[in-house]
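**Student:** Show me the folded form of this:
(2 chains)
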Amino acid sequence: MPLSTESQPGDEQYVLVATLDNVRNLSNILKAITFKDHAIFNATRNGLKVTVEDSKCLQANAFIQAEIFQEFVMKEDSVGFQINLTVLLDCLTIFGGSTVPGVTTALRMCYSGYGFPLTLFLEEGGVVTVCKINTQEPEEPIDFDFCSTDVTNKVILQSDSLREAFSELDMTSEILQITMSPCQPFFRLSTFGNSGNAHYDYPKDSDMMELFQCTTTQTNKYKMSLLKPSTKALALSCKVSVRTDSRGFLSLQYLVRNDDGQICFVEYFCSPDEEVDEES
Amino acid sequence: MKCSIEGNHVKAFGKAIHALARIGEDLWLDPLEKGLALRAVNSAHSAYACFLFSPLFFQHYSPRLSTQTLGTPVKCQLAMKSILPLFRCLATIERNVNRCEISISSDENWVVFQFYCRHGIIKTHNLSFQESEALQAVFPTNLCPNVLKAQAKLLGDIARHFPTSQEEVTLAISPVRVTLKNYYEEECDRAMYTEMSLHPDEFDYYQVGIDSHITFCLKELRGLLSFAESHGLPVCVHFGPSGKPVSFSLDDMPLTATVVLATLEERTSDPPSQTGPAQTGPTYRWVPRMCPPYPVHPPSTVHRPPCGGAPSAPASASPAAHDGPHESPVLAEDRVLSSQASPVFSAAFHLRKLLDLQNPSPPWEEAVPTHNTDAEAAAAAATATTPSNNQTTAIEDMEAESICATTKMAANTIPATPLAAKVMRP
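**Tutor:** Numbering: from 1, shown residues only, chains lettered A, B, ... in the order given. Modelled structure (predicted):
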């Protein structure tokens, strides 16, 4: 095989070397958070974290653990850079999206450190493509300060049911309102559009509801334009956890199973839409 | 109004809305005692559609809330673009929705659609509406000299031969054949002309009172054809000379649907002199029928011989005569006034129909026995003859869809302008 998963001579220059037998295990997850051009990559010995942000109100993170990779070598504790995500995805899918069984595209991703481009070696059926993508100075991702200890309400739903609701959401509504409560309506998504309002109610004893832990009744509004991109992650996932904290910040965590059955996570944080004259 | 639709019927309801969406941009919801009427009309008033769901279609149905004992039930007008998305994906509805409840609250001006889905999920949509008067087309189908009845598949196949971009088609009828061809306003060198002919045998019922050809908009009809095909229902076509509207209707026990389209007035046609019901010119020899010539199935009279004066005819399957007026004596209290003062219909008669499980043949006819019994002969002869039965009682056979096509002729002056069926807002 042209691309070996063993260390190549000349690898010493690289600070990060990651290889995958099936590049789709990375590209699919990255597609779920591609709503902006630029992404912040942060690699540690545990794996890769890719962050995309929008208008300081929304943050999406994709976590690909080291175990997913066939080889994952880090010479430093932490390595970070910013890169054009659209370009990266184009390169990762350069052999096209065909899903012929048995034929996968292999990836070898190498990074030499600050100032160097990210080098990708992609191989399929004996054909090798080398891509070098320029990197930029990484920005500091926003810390939404979302602590598990401050979580007031949490539900875990099977993605199927939520997927349908999200695909039917009234897009003329500027906001998506989420109500979580220990009593009726338990878990409700509401929109307020041009023709009227709509409510999607999920009872706590629904068989789609895997976990229901709501302590207080909370209603929060979020900008529809910010949450709409999360439907890509929803489409890939099998389960989603919805949590809000005392400030009304929303955390959506998606459990994604890749082609090989391994688990990755995608997380969205969103700040509530506050009206000037209203407390959050 | 409050009603509840179960299971598969929700999909049928959604399909009706899809068909109505092809016609106009607004939907009129009219809760009547006899059922819920959904109507649409296009902006040019040249196409009108009505789907009437009888109370049988619903799990339960009440046109007015218990708090609203006086007055008429609230009628509302909704934008099609607010209601269509609720029923957009019929496959999903079929899979997920167990029940749909619709209620109209006049205090808050909402129409509430609640979908009870599997896994306990409930979707509630509150749509704002405008209160409005009922929308109703006045079109006397029983005055139509030409009547065709065909299986939905036949009409669907015909429509498929024309490209979806084809706006208008011309249907020409004679005793020996029906021809359909596409219609272009101006002569086009590069257009593809399509023409097809059908033999009367292809139709379940074929009646030619007057040779004519009518040009109407096919696009607006496709919704109804698609609905009819998905339910496997036959469609009746009533029409007359060019310039007069054409009506396409179907009838399934719990629901009836009608689409009325204006037809292009041919410049060479007879001058429109509207002095009375039997209208439009010296070539007409038919007179108002007492019973509507569309599919009323009077099971009790399927094999009756024609009433008085008609040449005896084999009691064949197709157009058996029906002497409605004699047949079903109607008690005064059975008569129910339709909301638009159109002729009454008999509740008792319809109830008998429900109980009678006989499978009736196409026949609806009428008080003009010569027409029916010689349908095939008539097709050859192509003349309409005077009826031997002039009673004025008979309108009790009017189907529920009478609300859509009444026989209120006196006030009806069919306009001479092309593409303008009359839509009344009483």
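**Student:** How about the helix ranked longest in chain B and chain A, any contact?
**Tutor:** Residue-count comparison of every helix in chain B, with assignments taken from DSSP state H, identifies helix B:8-21 as the longest. No - remark: helix B:8-21 sits outside contact range of chain A, by Cβ under 8 Å from any Cβ of the partner chain, the gap being at least 13.3 Å. For glycine as for every other residue, the C-beta is placed from the backbone atoms N, C-alpha and C.
**Student:** for the helix or strand following that helix, packing partners?
**Tutor:** Along the chain past helix B:8-21, the next helix or strand (assigned with DSSP states H and E) turns out to be strand B:26-32. On a contact count with 3 or more Cβ pairs under 8 Å, 6 or more residues apart in numbering or on different chains; DSSP states H and E, strand B:26-32 meets helix B:8-21, strand B:35-41, strand B:76-79, helix B:80-83.
**Student:** So which bits of chain A are right by chain B?
**Tutor:** A:161, A:164-165, A:168, A:170, A:194-203, A:205-208.
**Student:** Give me the buried subset of the residues you listed.
**Tutor:** A:161, A:164-165, A:168, A:170, A:195-203, A:206, A:208 (16 or more other Cβ atoms under 10 Å in any protein chain shown).
**Student:** Any idea which residue of chain B lies closest to chain A?
**Tutor:** Of all residues in chain B, B:Ser82 sits closest to chain A, at 2.9 Å by Cβ to the nearest Cβ.
**Student:** what's the most buried one of the helices and strands packed on strand B:26-32?
**Tutor:** Scoring the helices and strands packed on strand B:26-32 by mean neighbour count under mean count of other Cβ atoms under 10 Å in any protein chain shown gives strand B:35-41 as the most buried, with a mean of 25.
**Student:** Kindly calculate the angle that it makes with strand B:26-32.
**Tutor:** Inter-element angle recorded for strand B:35-41 and strand B:26-32: 160 degrees (by axes from the mean of the first three to the mean of the last three Cα atoms, to 10 degrees).
**Student:** And the nearest residue to A:Phe121 once chain neighbours are set aside, how far from B:Ser212?
**Tutor:** Sequence neighbours aside, A:Arg108 is the residue nearest to A:Phe121 in space, at 4.1 Å (criterion: Cβ to Cβ, 6 or more residues apart in numbering or on different chains). Using Cβ to Cβ, to the nearest Å, we find A:Arg108 at a distance of 77 Å from B:Ser212.
**Student:** cool, and A:Val15?
**Tutor:** Between A:Val15 and B:Ser212 the computed distance is 85 Å (Cβ to Cβ).
**Student:** which of the two has more neighbours?
**Tutor:** Remark: of A:Val15 and B:Ser212, B:Ser212 carries more neighbours, 23 against 16, as counted by other Cβ atoms under 10 Å in any protein chain shown.
**Student:** May I have the beta-bridge partners of the more buried one?
**Tutor:** Note on B:Ser212: beta-bridge partners by DSSP bridges are B:Ile173.
**Student:** which stretches of chain B form helices?
**Tutor:** B:8-21, B:80-83, B:90-96, B:152-161, B:222-231, B:324-327, B:347-355, B:369-373, B:375-381.
**Student:** circling back: mean pLDDT and distance to B:Thr92 added to the helices and strands packed on strand B:26-32, as TSV?
**Tutor:** Output for these, formatted as TSV (pLDDT from 0 to 100; distance: least, Cβ to Cβ, whole Å):
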stretch	mean pLDDT	distance to B:Thr92
helix B:8-21	92	10
strand B:35-41	92	21
strand B:76-79	89	21
helix B:80-83	90	16
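**Student:** Next, format those as CSV and append distance to A:Leu227.
**Tutor:** Formatted as CSV, the entries for these read as follows, by distance: least, Cβ to Cβ, whole Å:
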stretch, distance to A:Leu227
helix B:8-21, 27
strand B:35-41, 34
strand B:76-79, 26
helix B:80-83, 22
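**Student:** what bits of the stretch 101-250 of chain B have low per-residue confidence?
**Tutor:** For the stretch 101-250 of chain B, applying pLDDT under 70 flags the ranges B:106.
**Student:** B:Asn96 is in contact with B:Cys117, isn't it?
**Tutor:** Yes - judged on Cβ atoms under 8 Å, B:Asn96 makes contact with B:Cys117 at a distance of 4.6 Å.
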